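Colleague: When you get a sec, could you give me coordinates for this:
(chains A, B and C)
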Amino acid sequence: MNNDRNRVPTSKLTAAEVAAMVEGELKGSGDIVVDGVDCLDDAEAGKVAFLGNAKYKHKVGSTSASVILVPPDFPLPSSSDRAWVLCADPSAAFTRLVEHFAPRPPPPVPGVHASAVVADGVRLPPSVSVGPGAVIEEAAEIGENSVIGAGCYIGYAVKIGVACQIAPNVTIREFCRLGDRVIVHSGVIIGSDGFGFTPGSDGHVKIPQRGIVQIDDDVEIGSLTTIDRARFGRTWIKRGVKIDNLVQIAHNVVIGEHSLIVAQVGISGSTRLGRGVVVGGQAGISGHLEIGDGAMIMGQSGVAKNLPPSARVGGAPAMPEREYARLRINLNRLDNIKQELRKLRQEVTQWQERDKDRAGPVK
Amino acid sequence: MNNDRNRVPTSKLTAAEVAAMVEGELKGSGDIVVDGVDCLDDAEAGKVAFLGNAKYKHKVGSTSASVILVPPDFPLPSSSDRAWVLCADPSAAFTRLVEHFAPRPPPPVPGVHASAVVADGVRLPPSVSVGPGAVIEEAAEIGENSVIGAGCYIGYAVKIGVACQIAPNVTIREFCRLGDRVIVHSGVIIGSDGFGFTPGSDGHVKIPQRGIVQIDDDVEIGSLTTIDRARFGRTWIKRGVKIDNLVQIAHNVVIGEHSLIVAQVGISGSTRLGRGVVVGGQAGISGHLEIGDGAMIMGQSGVAKNLPPSARVGGAPAMPEREYARLRINLNRLDNIKQELRKLRQEVTQWQERDKDRAGPVK
Amino acid sequence: MNNDRNRVPTSKLTAAEVAAMVEGELKGSGDIVVDGVDCLDDAEAGKVAFLGNAKYKHKVGSTSASVILVPPDFPLPSSSDRAWVLCADPSAAFTRLVEHFAPRPPPPVPGVHASAVVADGVRLPPSVSVGPGAVIEEAAEIGENSVIGAGCYIGYAVKIGVACQIAPNVTIREFCRLGDRVIVHSGVIIGSDGFGFTPGSDGHVKIPQRGIVQIDDDVEIGSLTTIDRARFGRTWIKRGVKIDNLVQIAHNVVIGEHSLIVAQVGISGSTRLGRGVVVGGQAGISGHLEIGDGAMIMGQSGVAKNLPPSARVGGAPAMPEREYARLRINLNRLDNIKQELRKLRQEVTQWQERDKDRAGPVK
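Modeller: Residues are numbered from 1 along each chain as shown, chains lettered A, B, ... in the order given. The predicted structure follows:
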C-alpha cells in the first residue's frame, strides 16, 4: 500500500489566508483558523461558510461558522469571534475553498487491474486505467489518460477518446463512440437496443437496432441514464451536453451542443434538439419532433409538437410559458367564474320573473 | 457444496396448525393439509389464502384455496372441503404463513469470495460477507455482519455500519457513509456527482462536487435509485427513511426521519424534507424548498413552493388536497359552464331585442 | 484471437442488387454502388436512404443519398446520379438493407468465461455462453443457447429458458423464472423486494417479500427497468410483453400477453393489465387496479381507477380520450369564457341601471 495515495488533505487556513486565496477583502481577525467548509445552517466553529443567495441572509446572524464569505455590500454584524471576507462572487470563491479542503480519493492507477478482462488484440495506452473486474471486448479503442472504472463493460469495437472518466459499473455496448473528456457516471447504459417493433400475426416483431450511439467531446452523463442505439445511423449527443440522472434517450435522438437535460426526462425516438436547449426535470418529449435552438422546456412538461428556437414552454401538453401562466391563473379563478355565473343567472331569472309581473306574458 | 444450505423448506401444515400459528379461531376441518400460500385469485387446492381487503370479499366464494384467513365477522360460506381461520388482522397473520412456507436462498457465506478485490489495508470483521467480483477500495470500513453482494463497488474510505445488506451490483462512491441495518437494493448508485454547472465562454463549467452522502440507520433504498453526493457537506437520508425504486435524490437534499419516498420521485438540489413526509410515485419537488414534517405529497404532483407541516397537496403545480379536489370537479363542469353561459347569453340577447321593440331605441 | 470473428461485414451493393434484395422496382441506373444506409437528412453519397413517413417527403429532394427507397406512387425527381427503388413498404425494405450492411459484433462464445463464477452443482448446457465476471448462484438452471452477459448476477435457483439473451450487468434475484427467448437489456433488476411496510412504534416495519418474478416466453425488457418480486406468489409478465427502459413494475403486478409498456412508466402494486394493453411513456398506474384487454393509456397519464377493455384514456387523473380532448379545448377557451362573462355582467348591470331609471326603485 502506498501511504502517500492514502493521505487526506486537511490543511488548515487562517482567515487572512482564506481572504488571499479568494482575492477578497478581510474584515475582522485574520488569525481565526478554519479547517473545512460547510453551509450556513450546518457549519460549526472552525468552518468557512458563504452567503450565495440573498434568500438566506437571515442565516448569517445565526451561523456558527468562523469565517463567512459575503457580497461586498453585505451589512456586517459586529462579532469578535468571527471574520468576514467580502467578495464579488461568494459562491465561486467558496468553490475554491471546497477544492482546498475536500478530501480526495487517490487518483486512478494507470494500467490494467489484474482482475480486469481485456480482449486479445486490444492495445491500451499506458496512461489508461482499467479498474478491477472491468471487461473490454475485442477491437475496442481507448484514448490516453482515460479511466475505465471497476465493473464496467466496454463492448466490441467501442471507441473512447482521451481523458474520459467512465465511473464504476457503466455499460457501453458494441460500436458506440465517445469523444474526449466525456464523463459517464455509474450505472449508465449506452447503446442498448431502441424500442422498435412491428405488429405480427403472433405478437410484436422486433425491428433490429443496428446503429450506434455517438457522444461528442465534453459531454457529462448522470447516473442510471440510458441512451439507446439507433435503429440505423446514430443516436447523437453533441459537444458539451450535460445530462442528469435517470434520463431516457430513445433511438435516433439528436441533442444539440451545450444542451442541459435535467433528471428523469424522457426523449422519444428520432426527436432532434437544437443547441443550448434546456429540458427541466421529469419532462417528456414525443418522438419525431424538432426542438429549436435555445428552447426552454419547464419541468414535468409534455411536449408533443415542434418548438421554434428560443421557445419557452410549460404544462402538459406544453404551451408557451405566458399562456401556461395565464392558464394557471384562470384555473385558480374557476370558483369565481362559477359564483359569478350563478349570480348572473339569479339576477336574470329575477328580472324575467319581475318582467312577467310588470309586462304580462311574453310570447 | 453444502447440501444443508441448498434445502428449500416446504414443511406442510394442517389447518389446525395454521390456526395455532396465527392465533386465530379454526372453523371447519382441522385436518386439511396445506403446503403453501397464494392470493385468492390464483390459489389452488392445498394452499392458504387470505382476505386482506373488503374490496375482494366476492373472491372468497370462488377461490380454490383450502384454508382461508378471514376477519372475525366474515360470514362463512358452508363448505366441507375448506377450513376457515378467523383472525383480527388476516394480512399480518398471512405474513407469518408466508414466512413459514417461503423458500429461502442459503444465507450469505461469511468471508471474502476469492474473486472479490479488497484493497490492501482494509480490515473486515470475519462476519462480513463479500460476494464474487465485489470491489472494496482502500480505507473502506464495513461493520459486523454486513453483506456486500456480488459485483458491488465500495469506494475509497466508504463507511458501512453493522448488519447492512448491500445487494448485488450496487455502487457506493468515495467517502459516503451508511449507518447500521441499511438495506440497499441492486443497481442503486450512491454518491455520484450532483448536477452543477456554471455558464462559461465555451459551454457549461462543472462545479466540483466534493461532499458526501450520509445514510442513517434503518434506511432502505430501492433498486436503481440514485442519491448524488453534495457539492460540499452532505446529502443526508435520515433514520428509518424508506425509498422505493428509480428515485432521483439530488445533491444536498435532506430527508427527515421515517419519510417514505415512492417510486420514480425526483427531489431537486438542496431541498429539505421534514420527518415522516410521504411523497407519492412520480412526484417532483423543486430545489431549495422546505417541506414540513408529516407533509403528504400525492403521486405525480409538482411541488414548487415550501410546504408547512402536515400539508396535504396534489396536482402540478401542487395545491392543497381540497383545492385540488375542487379543481378537478370544476374541470369536469367546464362543459356545463359553457352551456350555462351560452344560455344566459341567448336570454339576455333575446331580452335586449324585445326591449328594443318595447321601449324604442336606447341611447 | 479469431480473425474471422473480428470481421465487420461491409459488402457493397449496386442499386440493381438493392432492388432485387427488397423485391422493389428499380428506376434509374442500376450500376450506382452503395456501401451503407442512413436517414435522408444525414446520408452522404454512396448510401441508401428511405422515405418511411410522408411527413418527410420534402427531404427526398435534398438528400445526398445515392439510392432511395420510396413508395410506388412517389413522384420521382429527375436525377442522373441517383437511383430509386419503388417498394410497397419502404421501411420494412430498409430493415433488410440495415441487416445487410450493419456491422455485427462477433457472436457470443459458448462456454463459461474463466473469470465467471458458477456455483458448484450448476450444470450448464454446452451451448450456453457465460460472460466475464458473471456470477451464477447455486441451483440456477439455464436453457440451451442462452447467453449470460458479462457482470450479470443470476441468483439462487433462478430458472432461465432456452435462447434467452441476458445483456451485461443484469441482476436477477433468487427463485425468479424466465421463459424462452426472453431478452433482458443491461442494468435491468428483476426480483428485488417490493416496497411494503407497516407502521410500527419505532418506524416502518418491513413486510417480507417472499414471492418471485415470472417472465414468460418472448418478453423483452429495456435497460434499467426494475420488476419487483411479489410479497408472495408472483409478479407476472406474460408472453410477448415488450417493456421499454426505466420502467417500474411493483410487486404482484400482472401484465397480460403482448402488452407494450413505454419508457419511464410506473405500475403500482397488485395492478393487473390485460392482454395487448399499451401504456405511453411516463404514465403512472395506481395499485390494485384492473386494466382491461386492449386498453390504451396515453403518455404522462395518471390512472387511478379500473379501465374497461379497449378503453382509451389520457390526462391525470386519466379520463376517456375524447373527454380529455374536450377538456383541453375548454382549457384553451377559459379566456373567452372570462371575457364573455364580463361582457354579460356589464350588459346586465347596464340594464339594471336603465331599468331603475325607467321604472323607479324595485322592491
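
Colleague: near chain B, which residues of the stretch 201-350 of chain A?
Modeller: A:218, A:220, A:222-224, A:239-240, A:242, A:244-246, A:257-258, A:260, A:262-264, A:281-282, A:299-300, A:328, A:331, A:334-335, A:337-338, A:341, A:344-345, A:348 (CB under 8 Å from any CB of the partner chain). Where C-beta positions appear, they are placed from N, C-alpha and C, glycine not excepted.

Colleague: Which parts of the longest helix that chain A contains count as buried, going by neighbours?
Modeller: Longest helix in chain A by number of residues (criterion: DSSP state H): helix A:334-359. Buried residues in helix A:334-359, counting neighbours by 16 or more other CB atoms under 10 Å in any protein chain shown, are found at A:334, A:337, A:338, A:340, A:341, A:344, A:347, A:348, A:351, A:355.

Colleague: ok, now stretch A:42-53?
Modeller: Residues of stretch A:42-53 classed as buried by neighbour count (16+ other CB under 10 Å): A:43, A:46, A:47, A:48, A:49, A:50, A:51, A:52.

Colleague: quick one: it near chain B?
Modeller: Yes: under the criterion of CB under 8 Å from any CB, chain B is reached by stretch A:42-53 at A:42, A:53.

Colleague: what's that stretch in contact with?
Modeller: Contacts to stretch A:42-53, defined as CB atoms under 8 Å, 6 or more residues apart in numbering or on different chains, come from residues A:13, A:18, A:33-40, A:57, A:59-60, A:63-71, A:74, A:81, A:90-91, A:93-94, A:97, B:233, B:288.

Colleague: hmm, back to that, give me the subset of the residues of the stretch 201-350 of chain A next to chain B lying in strands.
Modeller: Among these, the ones falling in strands (DSSP state E) are A:220, A:242, A:260.

Colleague: now those residues in JSON lines, with neighbour count, distance to residue A:151 and pLDDT?
Modeller: Output for these, formatted as JSON lines (neighbours: other CB atoms under 10 Å in any protein chain shown; distance: CB to CB, whole Å; pLDDT from 0 to 100):
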{"residue": "A:220", "neighbour count": "20", "distance to residue A:151": "20", "pLDDT": "98"}
{"residue": "A:242", "neighbour count": "22", "distance to residue A:151": "24", "pLDDT": "98"}
{"residue": "A:260", "neighbour count": "20", "distance to residue A:151": "28", "pLDDT": "98"}
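
Colleague: and these as TSV, adding distance to residue A:126?
Modeller: Below are these laid out as TSV (distance: CB to CB, whole Å):
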residue	distance to residue A:126
A:220	26
A:242	30
A:260	36
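
Colleague: Quickly name whichever of those residues is closest to chain B.
Modeller: Distance to chain B across those (CB to the nearest CB) is lowest for residue A:242, with 5.5 Å.

Colleague: Was I right to think that closest one contacts residue B:204?
Modeller: Yes: at 5.5 Å, residue A:242 counts as touching residue B:204 under the criterion of CB atoms under 8 Å.

Colleague: what would the buried residues of helix A:334-359 look like in TSV with distance to chain C?
Modeller: What follows is the buried residues of helix A:334-359, written out as TSV (distance: CB to the nearest CB, whole Å):
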residue	distance to chain C
A:334	8
A:337	6
A:338	10
A:340	6
A:341	6
A:344	6
A:347	6
A:348	6
A:351	8
A:355	9
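
Colleague: Output those as a markdown table; include the columns pLDDT.
Modeller: Formatted as a markdown table, these follow (pLDDT from 0 to 100):
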| residue | pLDDT |
| --- | --- |
| A:334 | 91 |
| A:337 | 90 |
| A:338 | 89 |
| A:340 | 90 |
| A:341 | 90 |
| A:344 | 89 |
| A:347 | 85 |
| A:348 | 85 |
| A:351 | 79 |
| A:355 | 71 |
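
Colleague: what's the closest of the residues you listed to chain B?
Modeller: Comparing the buried residues of helix A:334-359 against chain B with CB to the nearest CB places residue A:334 closest, at 4.0 Å.

Colleague: What residues does the nearest residue to that closest one once chain neighbours are set aside make contact with?
Modeller: The spatial neighbour of residue A:334 that comes closest, neighbours along the chain excluded (CB to CB, 6 or more residues apart in numbering or on different chains), is residue B:330 at 4.0 Å. When contacts are counted by CB under 8 Å, 6+ apart, residue B:330 touches A:331, A:334, A:335, A:338.

Colleague: quick one: the third one and residue B:326 touch, right?
Modeller: This points to residue A:335. Yes: applying CB under 8 Å, one finds residue A:335 in contact with residue B:326, separated by 7.0 Å.

Colleague: How about the secondary structure of the residue in the stretch 201-350 of chain A that chain C sits nearest to?
Modeller: For the stretch 201-350 of chain A, the residue closest to chain C is residue A:210, as judged by CB to the nearest CB, at 3.4 Å. Look at residue A:210: counting by DSSP: H, G, I helix; E, B strand; the rest coil, its state is coil.

Colleague: Could you tell me how many residues sit around it?
Modeller: Neighbour count of residue A:210, defined by other CB atoms under 10 Å in any protein chain shown: 21.

Colleague: Look up how far residue C:123 lies from it.
Modeller: Counting by CB to CB, to the nearest Å, the gap from residue A:210 to residue C:123 is 35 Å.

Colleague: so how far does stretch A:19-29 reach from one end to the other?
Modeller: Using CA to CA, to the nearest Å, the end-to-end distance of stretch A:19-29 comes to 11 Å.

Colleague: Now find how far off-centre it is within its chain.
Modeller: Remark: stretch A:19-29 is offset 33 Å from the chain centroid, using CA atoms, centre = their mean, to the nearest Å.
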